[in-house]
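**Q** sequence and predicted structure are below.
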Amino acid sequence: MDLEYDKNGWHYWDITDLYELGENLFTISCGTSSAEVQVTVTDVGARDLSIRYSKDNPQVILLNLSAAGRSNNELASVRNVWQNAGSSQVISTKLTGFNWANNGWIAPAPTSKDYSNGSYLSLANGAKVSISMPAVSLNGSQNYSFEFRMRVRNVQKYSTLVTQIPTYFYDEWDPETETTIKHRATGDSITMEQINANKNYTVANDEYGSPWSDEDHVIQTVNTTNGVILSWLNDQGEGIVIGTQEAFFKTPQKLVSVRYKEDSAFNLSFVVNATEHVGYIYLNGIPSGALSLPTNASGNAVAFLIPKQDIVINSDYADVDIYRIRMYGLGLTIPDVIHNYLADMHDLNLYDQNQLYEAGSEYELSYNRLVEYNKDHPDEQTMPYAVWKIKTLDSLSRETLPYYKGDSRKADITFVNPVLDRALDKGEITAWYYYTHSPSFYATDVDINVQGTSS
């Protein structure tokens, strides 16, 4: 429950994570006084905005920190505690450097544009959070996932964490000896333009006989100190680092990174799937990078250990607002990560848009669900869409689009422009405007074919 207090009394309260269908009774107590509030939930099944596995398999959530419902008006003995609601008994947190005036637990007012994000722990003016992490073997026998919802503000240090330095391969012709000298250099010492400008230089060929380019080989250097607000690494520099504008996940062999902007809340997810030997990084539910995890000659995973240490989130280079932190003892799937992002967002329209796919499919949109969504969300309709109903089957009796020139098919085509339809229905545009600006239409028995590849 989120609460805010001012001198005139309770300003607002917001019940979170409500699951029970029917009547729910809540009691607000203060000393010997109490008040009961009854809340009726009429539909619990249509939208499940609970965090993945929080109800059906809570044991896999090892760390679960949420700022929801917290306030600087709590008793001093309470506000200094951030209890791990996950299943791991060895992971605890410690809050230091807080003055509970211009940092600490902040609950945005209902009129604030940040209100939908809920309460957060504001790290500013030297405040920091330490999370006591046990030793974790990544890419071992267990999969792991790490999720952070935060915001970075008032940045004092803009530092690039990952620097890409291209590596060049070129041949130098020596007129005196009339021989070719092989060279390998980095962008620090020579550029591709300099190679091309020197008549004695030629771009060397790769193993396939094609010229090397500056994209063929890249040296990645990392910064793990300046502008870093969170670091969880072993002595070899392997692990997770989050900075003021960039984050990365590094293994013994490879690195994947992602950038984000300041002043906006964002979700960062790191997934280590040792079963498939793949690591992922997500930004706001979107897969933003992947890398292969190390394996030995037999194809078995090679684990790398992050020793027992504290994850320290600091405010040395920026103010950091933390909404939620989660650690799973499993590898979250793409639908899991998307669902958690939607649950953290508390955006019902966005949640409903994510349900527009065919049952059991992550990619195929359902025409019927699109139609129903537009009916249920007259002010938040989807973008225009087209549906082809193939009437001429292929050789395997499938309703597929033509895929080579001359493969003509009959089809019914439905094009829907929901926003334009709504504007016409409400009298916001004229019929002339409607019919001259991509109106909705239906066509039957249309011949469709593949255009020539030369066009």
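**A** Structure's in. What do you need?

**Q** give me the distance between the spatially most distant residue from the centre of the chain and residue 182.
**A** Most distant from the centre of the chain: residue 176, at 57.9 Å, with distances by Cα atoms, centre = their mean. Computed as Cβ to Cβ, to the nearest Å, the residue 176 to residue 182 distance reads 17 Å. For every residue, glycine as well, the C-beta is placed using N, CA and C.

**Q** now do residue 97
**A** Distance of residue 97 to residue 182, given as Cβ to Cβ: 55 Å.

**Q** and those two? Which one has more around it.
**A** Each of residue 97 and residue 182 has its neighbours counted (other Cβ atoms under 10 Å); residue 97 has more, 14 against 9.

**Q** what sits up against the host helix or strand of residue 282?
**A** Under the criterion of DSSP states H and E, residue 282 resides in strand 278-283. Contact partners of strand 278-283, identified using Cβ atoms under 8 Å, 6 or more residues apart in numbering, comprise 139, 247-249, 251, 256-258, 260, 266-273, 287-293, 337, 341.

**Q** which of those are buried? Put it as a ChimeraX command.
**A** In ChimeraX, selecting the buried portion of the contacts of strand 278-283, with burial taken from 16 or more other Cβ atoms under 10 Å, looks like this:
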select :139,247,248,249,251,256,257,258,260,266,267,268,269,270,271,272,273,288,291,293,337,341
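
**Q** before we move on, back to that, give the pairing partners of the strand holding residue 282; include direction for each.
**A** Counting by DSSP bridges, the strands paired with strand 278-283 are strand 266-273 (antiparallel), strand 286-292 (antiparallel).

**Q** would you list those strands in TSV and tack on mean pLDDT?
**A** Formatted as TSV, the strands paired with strand 278-283 follow (pLDDT from 0 to 100):
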stretch	mean pLDDT
strand 266-273	96
strand 286-292	91
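
**Q** what is the least confident helix or strand in the protein?
**A** Here the helix or strand of the chain ranked lowest by mean pLDDT, DSSP states H and E is strand 2-6, holding a mean of 48.

**Q** hey, where'd the helices end up in the stretch 101-250 of the chain?
**A** 192-197 (DSSP state H, counting those that start in this stretch).

**Q** for it, which residues score under the pLDDT cut-off?
**A** Low-confidence segments of the stretch 101-250 of the chain (pLDDT under 70): 165-170, 184-196, 198-220.

**Q** what about 50?
**A** By pLDDT under 50, the low-scoring segments of the stretch 101-250 of the chain are 206-216.

**Q** look at residue 372 and give its secondary structure.
**A** Judged by DSSP: H, G, I helix; E, B strand; the rest coil, the three-state class of residue 372 is helix.

**Q** from residue 381, how far off is it?
**A** According to Cβ to Cβ, residue 372 stands 12 Å off from residue 381.

**Q** comparing these two, which residue is more hemmed in?
**A** Neighbours around residue 372 and residue 381, counted as other Cβ under 10 Å, are more numerous at residue 381. The numbers are 19 against 14.

**Q** any idea how far residue 441 is from the more buried one?
**A** With distances taken as Cβ to Cβ, residue 381 is found 17 Å from residue 441.

**Q** between the two ends of stretch 32-49, how far is it?
**A** Stretch 32-49 has an end-to-end distance of 35 Å (Cα to Cα, to the nearest Å).

**Q** how far does it sit from its chain's centre?
**A** 30 Å (Cα atoms, centre = their mean, to the nearest Å).

**Q** which of the residues in it are buried?
**A** residue 49.

**Q** quick one: residue 105 and residue 68 touch, right?
**A** No: with contact defined as Cβ atoms under 8 Å, residue 105 does not reach residue 68; the gap is 10.1 Å.

**Q** which one of these two has more residues nearby?
**A** Here residue 105 and residue 68 are compared on neighbour count by other Cβ under 10 Å; more neighbours surround residue 105, at 20 against 16.

**Q** list the beta-bridge partners for the more buried one.
**A** Beta bridges link residue 105 to residue 121 when assigned by DSSP bridges.

**Q** which ones are touching the nearest residue to residue 172 once chain neighbours are set aside?
**A** Counting by Cβ to Cβ, 6 or more residues apart in numbering, residue 172 lies nearest to residue 181, which is 4.5 Å off, once chain neighbours are set aside. Neighbouring residues of residue 181 by Cβ under 8 Å, 6+ apart: 171-174.

**Q** out of those, flag the one nearest to residue 63.
**A** Of all those, residue 171 has the smallest distance to residue 63: 53.8 Å, by Cβ to Cβ.

**Q** how many other residues sit next to that closest one?
**A** Residues lying near residue 171 (other Cβ under 10 Å) number 15.

**Q** I'd like the distance from it to residue 445, if you could.
**A** 62 Å.

**Q** before we move on, what about residue 132?
**A** Distance from residue 132 to residue 445, by Cβ to Cβ: 68 Å.

**Q** more crowded one of those two?
**A** Each of residue 132 and residue 445 has its neighbours counted (other Cβ under 10 Å); residue 132 has more, 14 against 10.

**Q** pretty sure the more buried one contacts residue 90?
**A** Yes: if you go by Cβ under 8 Å, residue 132 and residue 90 touch, sitting 7.3 Å apart.

**Q** mind giving me the domain split of the protein?
**A** 1-46, 49-161+223-350, 162-220, 356-448 (automatic domain parsing).

**Q** most packed of those domains?
**A** The highest average neighbour count among these, using mean count of other Cβ atoms under 10 Å, belongs to domain 49-161+223-350 at a mean of 18.

**Q** end to end, how far does it reach?
**A** End-to-end span of domain 49-161+223-350 (Cα to Cα): 11 Å.

**Q** from residue 182, how far off is residue 173?
**A** Residue 173 is 11 Å from residue 182, where distance means Cβ to Cβ.

**Q** next one: residue 128
**A** 51 Å.

**Q** ditto for residue 55
**A** 62 Å.

**Q** repeat for residue 38
**A** Taking Cβ to Cβ, one finds residue 38 at 80 Å from residue 182.

**Q** likewise residue 414?
**A** In terms of Cβ to Cβ, residue 414 sits 61 Å off from residue 182.

**Q** same check, this time on residue 392
**A** 58 Å.

**Q** so what's the closest residue to residue 54 other than its chain neighbours up against?
**A** Nearest non-adjacent residue to residue 54, counting by Cβ to Cβ, 6+ apart: residue 61, 6.5 Å away. When contacts are counted by Cβ under 8 Å, 6+ apart, residue 61 touches 51, 53-54, 85-87, 326-329.

**Q** 7 Å - rerun?
**A** Neighbour list for residue 61: 53-54, 86-87, 326, 328 [criterion: Cβ atoms under 7 Å, 6 or more residues apart in numbering].

**Q** one more: residue 327?
**A** Counting by Cβ under 7 Å, 6+ apart, residue 327 has contacts 62-63, 86, 146.

**Q** cool, residue 223 as well?
**A** 159-161.

**Q** quick one, phi/psi of it?
**A** Here is the backbone geometry of residue 223 (degrees, to the nearest 10): phi -110, psi 120.

**Q** ok, residue 347 next?
**A** Backbone torsions of residue 347, given as degrees, to the nearest 10, read phi -110, psi 100.
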